[in-house]
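# sharing a sequence plus its predicted fold:
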Amino acid sequence: MNQSASCGACAFFDHARAEQAAHDGLCRFNPPVSQPAPDAHGLWPVVSEKDWCGHFETETPRGLTAAE
C-alpha cells in the first residue's frame, strides 16, 4: 500500500477534532454511527494516520468541508 494513500493524507481525515492520540483523527467519509443512547450524538470513526481504506481522496468532492 502506498503510504501517501493513508488516512492521514486523505481529504476525509479530520485530525483537528480527534480527542485521542496525536496520530489519530476522525474519518468523515461516512455519516456518524453508533449512538450510545437515543438522545446522544452519533460518533465519527476514529482512525490512525497510517490506516487506509478504499475511499481515499486527495480532495473533498465539490469543495465540501467536514461537518462540525
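Received, thanks. All values derive from a computational prediction rather than experimental measurement.
# low-scoring pLDDT stretches of this structure, where are they?
1-3, 17-21, 61-68 (pLDDT under 70).
# cutoff 80 now
Residues of the chain meeting the criterion pLDDT under 80: 1-3, 16-22, 34-36, 59-68.
# strands of that one, start to end?
13-14, 24-27, 46-48 (DSSP state E).
# the shortest one pairs with which strands, and in what direction?
Partner strands and pairing direction for strand 13-14 (DSSP bridges) are strand 24-27 (antiparallel).
# of the strands of the chain, which is nearest Val33?
strand 24-27 (10.5 Å; CB to CB). Yep, even glycine has a C-beta here, placed from its N, CA and C like the rest.
# what sits up against the closest one?
The contact list for strand 24-27, computed with CB atoms under 8 Å, 6 or more residues apart in numbering, reads 7-8, 12-18, 44-49, 53, 66.
# show the contacting residues for Asp51.
By CB under 8 Å, 6+ apart, the neighbours of Asp51 are Ser6, Cys7.
# now it: how far from Asp24?
Relative to Asp24, Asp51 is positioned 9 Å away (CB to CB, to the nearest Å).
# just to revisit the earlier point, among the contacts of strand 24-27, which ones are buried?
Using 16 or more other CB atoms under 10 Å as the burial test, the contacts of strand 24-27 include Cys7, Gly8, Phe12, Phe13, Asp14, Ala18, Trp44, Pro45, Val47, Ser48, Glu49 as buried.
# so the last one versus Phe12, what's the distance?
Applying CB to CB, one obtains 13 Å for the distance of Glu49 from Phe12.
# what separation do you get for the most centrally placed residue in the chain and Pro36?
Residue closest to the average C-alpha location in the chain (CA atoms, centre = their mean): Cys27, at 1.2 Å. Distance of Cys27 to Pro36, computed by CB to CB: 18 Å.
# and for Gly25?
Taking CB to CB, one finds Gly25 at 21 Å from Pro36.
# so those two - more neighbours on which side?
The neighbour comparison of Gly25 against Pro36 (other CB atoms under 10 Å) goes to Gly25, with 25 against 9.
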